[in-house]
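Student: Okay, predicted coordinates and the sequence, questions at the end:
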Amino acid sequence: MALIPEDTVEQVRDSVDIVDVISEFVALSKRGKSFLGLCPFHDDRTPSLNVSQEKQIYKCFSCGAGGNAFRFLMELERISFVESVRKLADQAGIVLPESESGRPAEKDTNDELYRTVEFAQKYFRHMLMRHPSGARARDYLIGRGVSESMMEAFSLGYATNAWDGLLGVAGRRGFSAQMLARAGLAVSRENGGHYDRFRDRVIFPIQSHTGRTVAFGARALDPEQQPKYLNSPETPVYNKSATLYGLWNNREPIRTTRSAVVVEGYMDVVALAQFDVRNVVASSGTALTTDHARLLKRYADLAVLVFDGDAAGTAATVRGIGSMMASELEIRVVTLVGGEDPDSFVRQRGSDGFNELTESAAPLMDFLFEWVRSREDLSTSDGKTRAVRTVSEIIAHAGDSARRGFLIQETAQKLGIEEAIVINAVQRAARYRRSGRNPADEDADSRTASFEPGPRMERELITLMMTDDSTADTVLAEIDAGHFTNGVYRRISGMIAAARKEGRTASAAALLNRCEDAGLAGIVSALSMETGILNPEGRIPLQDYLTRMQLKALDTRIAAVETQLRAAGGQTDPMALMAEHKDLTRQRKELFAGRQAQTEVAPR
């Protein structure tokens, strides 16, 4: 490998300031002659990274990491020495001597991957902004309110509909198909050869927190093409669980405000930037992780999670809360209603409306309890048990004991139970989290051992669903497992739904193969023996039961909306909540009126 002359290395080192280099990734504050910040090489909670401007070195007095500007980039980005010199030379405007191959002297595998990904980004960008084939993609983005200047700012691109569009151009530039495959840009054919991973899609380049392009997100232009969004697979330079889309572009606004708005989609980040809302990031097609939270903590003290109001969006929010809790970030949550997402919301209400929305975001525990109330009947012991378990698994992530104590106290007060119960649940969840196991696995037998058979209506429905597949399909078309207040019936309903979705029978004999524990198997067996016992004539008011369960679910949701409307400084637009309340009330009236037309269905 040809080497960069030592004189050139020294010239590059003398041309950059290590404080400026590290400040791109870590918030530094001056303390005497040095600068302090959170060390990016370990889970640092108190600033332990010391940067000396005078000596042009850094040192962490906690984990021991240290070196000069080159070493910092090498460790942070996992790149070679030559690549770190090249990067700083680019910043300083210094041209490096070329090797015999005509490229700067470097051969490291990760360096090759970075160059491959960077070439692909330039190719996709050219196809969107300069090539005639990108016209449809440009029209699509303009139709979504994205200006050409914003396309440039986020380096958006377009992948043509050809199977070898990138492969062909990259091959002529010296990038092998094997390297493209390693970078996640090509896919191997079973019979040999490769084809482009991304075809006829708008391309969103994903940068790491160091500013290097490491992967791509791609949205289909054809509404029939599936999946709608396709992301790069993980590679040696791309870890989706530690990468936040938009962080590099928006790092300065996040640092300035010490707050970050976390959304779900790439398009949400771009759309919000179009309206000058810049302290925004998105996860890269995955639930939020502890690594995401630790990365964000380097730049912000507050994280506002903004997600769609549908079931999937809310579930994504809850999955990410525990991970965010571990970072000691302050967490607030906004759940959009009426099928809106951040993109559609900001286009309708502008930046002022969106900023008002995030400024009135609900505190973490308020959101969490509202969500639990919408899923569980807290008037029953079974519902409270599930609620305690759900909340405790999140509290167990909190690293600070004082914070954990306050959350336990708040949980006990809101659920009306003893603190000791919550403390025990949190300690148990923490033990299982450390062991990597799920406490629900151990709970299965204990839950079924203490099984309470009511309500009778739910018991009869489950029994009938296991007796007749067509009736099971009728029930599942109108309600889902979430409508059952009894936890055991909820689990059995879920198994029945899974079986029918697979086109299989949901008979008790078949369901026994799906039972997670002996206790549940015993209950399924017992219920299957009750056919004709609870209703000797073999008939139940099926439609009336379904309507009553739907009414109960609507009443729960209406109560939740009314609580949000009463709350001072609600977390979302009151008009949207009022519209949802009106729609829910209309549905309830229609259902109630329809009860008079109920029919009875007998098992076959």
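Tutor: Great, that's in hand. Keep in mind that this is a model prediction, so the values were computed, not measured. Residues are numbered from 1 along each chain as shown.
Student: domains of the chain?
Tutor: Domain ranges of the chain: 6-92, 109-238, 242-369, 376-438, 451-604, per automatic domain parsing.
Student: And Met150, how far from Asp276?
Tutor: Computed as C-beta to C-beta, to the nearest Å, the Met150 to Asp276 distance reads 11 Å. Every C-beta, even on glycine, is put in place using the N, C-alpha and C of the backbone.
Student: Which of the two has more residues huddled nearby?
Tutor: Higher neighbour count among Met150 and Asp276: Met150, with 15 against 11, using other C-beta atoms under 10 Å.
Student: what about the strands in the stretch 301-450 of the chain?
Tutor: 302-307, 330-335, 362-363 (DSSP state E, counting those that start in this stretch).
Student: tell me the most buried of those strands?
Tutor: Counting by mean count of other C-beta atoms under 10 Å, strand 302-307 has the highest mean neighbour count of the strands of the stretch 301-450 of the chain, with a mean of 24.
Student: Could you check the angle it makes with strand 330-335?
Tutor: 20 degrees (axes from the mean of the first three to the mean of the last three C-alpha atoms, to 10 degrees).
Student: And the contacts of strand 302-307?
Tutor: Counting by C-beta atoms under 8 Å, 6 or more residues apart in numbering, strand 302-307 makes contact with 258-264, 268, 288, 293, 296, 313-314, 316-317, 320-321, 324, 329-336, 342, 357-358, 361, all of which sit outside it.
Student: For the stretch 1-150 of the chain, which segments count as helices?
Tutor: Taking DSSP state H, counting those that start in this stretch as the test, the helices found in the stretch 1-150 of the chain are 6-15, 18-23, 69-77, 81-92, 109-129, 135-143, 148-153.
Student: correction: the stretch 201-350 of the chain
Tutor: Remark: helices assigned in the stretch 201-350 of the chain by DSSP H, counting those that start in this stretch are 247-257, 266-274, 290-297, 311-325, 342-359.
Student: Minimum distance to Leu551: which of these has it?
Tutor: Ranking the helices of the stretch 201-350 of the chain by proximity to Leu551 (C-beta to C-beta) places helix 311-325 first, at 19.4 Å.
Student: Spit out the contact partners of the residue lying closest to Val214 once chain neighbours are set aside.
Tutor: If the residues on either side of it in the chain are set aside, Val214 comes closest to Tyr238, at 4.2 Å by C-beta to C-beta, 6 or more residues apart in numbering. Counting by C-beta under 8 Å, 6+ apart, Tyr238 touches 184, 206, 208, 214-215, 232.
Student: Next, format these as CSV and append distance to Ala282.
Tutor: Converted to CSV, the contacts of Tyr238 look like this (distance: C-beta to C-beta, whole Å):
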residue, distance to Ala282
Gly184, 19
Ile206, 10
Ser208, 14
Val214, 15
Ala215, 13
Ser232, 15
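Student: Could you tell me the per-residue confidence at the nearest residue to Glu264 once chain neighbours are set aside?
Tutor: Nearest residue to Glu264 in three dimensions, chain neighbours excluded: Phe307, at 5.8 Å (C-beta to C-beta, 6+ apart). Note on Phe307: pLDDT of 78.
Student: Please report how far Phe307 lies from Ala27.
Tutor: 27 Å.
Student: Equivalent analysis for Thr290, please.
Tutor: In this view, Thr290 and Ala27 are 20 Å apart by C-beta to C-beta.
Student: Glu418 now?
Tutor: Distance, Glu418 to Ala27, using C-beta to C-beta: 42 Å.
Student: Between those two, point out the one with more neighbours.
Tutor: Ala27 (18 against 10).
Student: about what we covered before: can you tell me which of the helices of the stretch 201-350 of the chain is nearest to Ala553?
Tutor: Using C-beta to C-beta as the measure, helix 311-325 is the one of these that comes nearest Ala553, at 12.4 Å.
Student: pLDDT of stretch 241-255, averaged?
Tutor: Stretch 241-255 shows a mean pLDDT of 92.
Student: Can you pull out the residues in contact with that stretch?
Tutor: Contacts for stretch 241-255 (C-beta under 8 Å, 6+ apart): 24, 27, 153-154, 204, 206-211, 214-215, 217, 260, 266, 269, 273, 278-284, 286, 289, 291-292, 295-296, 299-300.
Student: pLDDT below threshold where in the stretch 351-500 of the chain?
Tutor: Along the stretch 351-500 of the chain, the parts satisfying pLDDT under 70 run over 434-451.
Student: let me redo that: the stretch 151-300 of the chain
Tutor: Ranges of the stretch 151-300 of the chain meeting pLDDT under 70: 285.
Student: What segments of the stretch 151-300 of the chain are strands?
Tutor: Applying DSSP E, counting those that start in this stretch to the stretch 151-300 of the chain gives strands spanning 157-159, 186-188, 194-196, 201-207, 213-220, 229-231, 244-245, 259-263, 280-283.
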